[in-house]
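Q: here is my input, please return the structure:
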Amino acid sequence: MARIAVIGAGMGAMAAAARLAVAGHRVAVYERTETYGGAVRRFERDGFGFDTGPGLLPVPAVHRDLFIKTGKQPLEDLVELVQVDPSSRHVFADGTTVSLPNASRAGVVTALDGALGGGAGRRWGDFLVRAREAWDRTRRPLLEEPLWPNWSVLADQEPYPAVPHKKLLRTRRASTLAEIGTWELRDDRLSALLESHALAYGLDPRATPASAAVLPYMEHAFGTWYVRGGMRELARAVYERCLARRVEFVFGAEVTRVLEKDGRAAGVELADGTVADADHVVADVDPVRLRTLTDRPLDQEGDVQADLGSPRAVRCTLLLALRGPREAEAVHRTVVHAPDREAELDLLASPGGDEPVCPTVTVLRPDDPALRPDDAHESVVVSAVLSGDAGWEDAGTVRRYTDFLLEAAGRAVPQLRERLLWHEVRTPGDTEGETGTRFGAVPAPSLAAGRGRFLHPANTTRVPGLYRVGGWSHPGGGLPHAGMSGALVAGLIVEGPQFRGSQ
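A: Next comes the predicted model:
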């Protein structure tokens with residue numbers, strides 16, 4: 001039995017802790033704040049409740065696997081999973097709207113043909129077929145296995161398939177997500193639909209590899225799910241599973257240093273001077289903070305390097321308390337696309353100097369009695385992923401983006417301004433305070449190609465016994481990816497270097 005010290009109580013950290021505990025190890029989690037869940041939190045006021053982090057659950061199978069492997073009670077016995085249908089409603093810049101059914105290719109094709117015409121549904125259906133090929137080629141190395149030592153083989157090969165061009169009697173390969181839209185979808189609204197999956201992580205589709213096609217494919221293939229009571233209920237269930245497996249949690253305990261002995265990780269030191277010895281240390285923290293906790297570099301030349309440069313994409317969120325009931329035909333998720341695509345993308349690519357512009361906005365309206373005082377009120381979460389260089393310390397910038405988000409939300413919620421009781425603005429600074437992540441940045445999932453730019457550092461480090469877990473390590477951000485990173489780290493510790501991931 002080994003002693004395991006886990007830094008942070010995010011979803012990836014708790015997933016690793018539960019798996020390690022069930023393998024017989026003694027696990028202690030040290031969390032700098034007073035609660036668990038990382039970014040998966042809840043804000044409550046006047047009887048209203050809001051998810052302040054992720055609001056929907058993709059690929060629930062990852063969490064089902066966690067609960068199967070760590071106890072007798074399956075996930076569905078502990079939380080209520082609801083399939084969101086329609087999966088999303090899209091409001092495009094030209095005013096066109098379309099609602100897409102959940103996990104139904106035929107239904108999506110029919111909906112797009114009816115709303116957009118011109119064979120739009122067929123083109124989107126053909127794209128999903130090619131996206132599946134990219135998924136089949138990248139699923140194991142990017143989601144289910146530790147990062148390959150020869151990761152450059154993966155990073156230099158674009159897995160999205162080439163498309164035959166009948167008129168030119170040749171094939172051509174889209175290298176970016178934007179090129180898929182231009183060459184294959186041939187409709188600005190379909191391109192916006194495709195690109196919204198990259199924009200949700202602050203990725204510029206003009207530079208994002210075409211392998212990002214797996215993001216809309218995963219949503220299509222595995223559906224979109226909601227946890228009744230809010231996503232915080234999922235964090236609670238994972239936390240309670242950890243307690244059931246006798247994982248120890250120490251809250252209000254900030255780790256200031258990873259201790260080493262004989263060239264390997266040997267424990268952690270806390271801000272109050274307390275030392276906790278350990279045989280292995282698992283860190284669920286962002287790369288900048290992890291660098292400050294060690295006495296030597298974690299990566300060497302040839303490794304996937306953690307990006308320690310300029311601020312990444314961040315999320316601005318509005319929590320809206322509304323009077324009046326949610327209308328019967330309301331959709332859980334509406335994506336309101338930016339009125340000026342180029343301006344939005346230019347601001348992501350070259351942040352800092354331009355005026356704020358209206359971004360692509362996501363509006364979540366869960367039909368959940370647990371999140372409202374009564375049926376005569378409604379709680380709504382409005383968010384956008386923006387540049388971390390936008391000047392969030394300036395009150396004027398925050399007001400401008402608040403107005404943008406409210407304007408976009410008005411296109412999704414009837415009579416929004418008249419119904420609005422109050423709103424709370426959550427800036428990247430709030431996220432940084434809760435999670436400790438530099439600038440409150442939003443981690444994206446790993447993607448193939450791009451010479452490693454879109455890959456995350458491996459779960460192992462150059463310090464033996466020190467492991468990375470969570471959104472800033474392989475396989476990257478998002479709830480399913482954090483859960484898989486926990487599984488990968490547990491496998492590496494329990495089974496050693498021969499571990500190859502899920503079979």
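
Q: can you list the weak-confidence ranges in the chain?
A: Along the chain, segments meeting pLDDT under 70 span 165-170, 307-311, 351-354, 500-503.

Q: longest helix anywhere in it?
A: The longest helix of the chain (DSSP state H) is helix 120-139.

Q: excluding covalently adjacent residues, which one is nearest to residue 283?
A: residue 7 (4.4 Å; Cβ to Cβ, 6 or more residues apart in numbering). In this view, the C-beta of every residue, glycine as well, is placed from N, C-alpha and C.

Q: these two touch, right, the one you found and residue 38?
A: No - in this structure residue 7 lies outside contact range of residue 38 using Cβ atoms under 8 Å: 11.7 Å.

Q: now list whatever residues contact both of the two.
A: 13, 284 (Cβ atoms under 8 Å, 6 or more residues apart in numbering).

Q: in the stretch 251-400 of the chain, which spans are strands?
A: Under the criterion DSSP state E, counting those that start in this stretch, the stretch 251-400 of the chain carries strands at the ranges 255-261, 264-270, 275-277, 280-283, 313-323, 333-336, 361-364, 377-387.

Q: how about the contacts made by the residue nearest to residue 283?
A: 13, 30, 255, 258, 268, 281, 282, 283, 284, 285, 293.

Q: could I get the residues you listed as CSV with neighbour count?
A: Converted to CSV, the contacts of residue 7 look like this (neighbours: other Cβ atoms under 10 Å):
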residue, neighbour count
13, 31
30, 23
255, 26
258, 25
268, 24
281, 28
282, 32
283, 29
284, 33
285, 25
293, 19
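
Q: hey, where'd the strands end up in the stretch 51-200 of the chain?
A: 57-58, 81-83, 88-91, 97-100, 163-165, 170-172.

Q: okay, those in JSON lines with distance to residue 186 next?
A: Output for these, formatted as JSON lines (distance: least, Cβ to Cβ, whole Å):
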{"stretch": "strand 57-58", "distance to residue 186": "27"}
{"stretch": "strand 81-83", "distance to residue 186": "31"}
{"stretch": "strand 88-91", "distance to residue 186": "17"}
{"stretch": "strand 97-100", "distance to residue 186": "17"}
{"stretch": "strand 163-165", "distance to residue 186": "12"}
{"stretch": "strand 170-172", "distance to residue 186": "14"}
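
Q: any chance of the ones you listed in CSV, with mean neighbour count and distance to residue 26 too?
A: As requested, the strands of the stretch 51-200 of the chain are exported to CSV (neighbours: other Cβ atoms under 10 Å; distance: least, Cβ to Cβ, whole Å):
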stretch, mean neighbour count, distance to residue 26
strand 57-58, 21, 31
strand 81-83, 15, 32
strand 88-91, 20, 44
strand 97-100, 20, 47
strand 163-165, 12, 54
strand 170-172, 11, 56
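
Q: closest to residue 149 out of the ones you listed?
A: Checking these against residue 149 by Cβ to Cβ gives strand 57-58 as the closest, at 28.8 Å.

Q: how far does the closest one sit from the chain's center?
A: How far strand 57-58 lies from its chain's middle: 9 Å, per Cα atoms, centre = their mean, to the nearest Å.

Q: if you count contacts, what does it end up packed against?
A: helix 214-222, strand 224-227, helix 479-495 (3 or more Cβ pairs under 8 Å, 6 or more residues apart in numbering; DSSP states H and E).

Q: quick one: residue 457 and residue 471 touch, right?
A: No - using Cβ under 8 Å, residue 457 makes no contact with residue 471, being 11.8 Å away.

Q: quick one, which of these two is more surrounded?
A: Using other Cβ atoms under 10 Å as the criterion, residue 457 and residue 471 rank with residue 471 on top: 27 against 23.

Q: contact partners for the residue nearest to residue 179 when sequence neighbours are not counted?
A: Once flanking residues are discounted, residue 179 sits nearest to residue 210: 6.7 Å by Cβ to Cβ, 6+ apart. Counting by Cβ under 8 Å, 6+ apart, residue 210 makes contact with 134, 158, 160, 173, 174, 175, 176, 177, 179, 180, 449.

Q: do the same with residue 251
A: Neighbour list for residue 251: 9, 31, 33, 34, 35, 36 [criterion: Cβ under 8 Å, 6+ apart].

Q: hang on, the earlier thing: so the residue nearest to residue 283 bridges to which residues?
A: residue 30, residue 283 (DSSP bridges).
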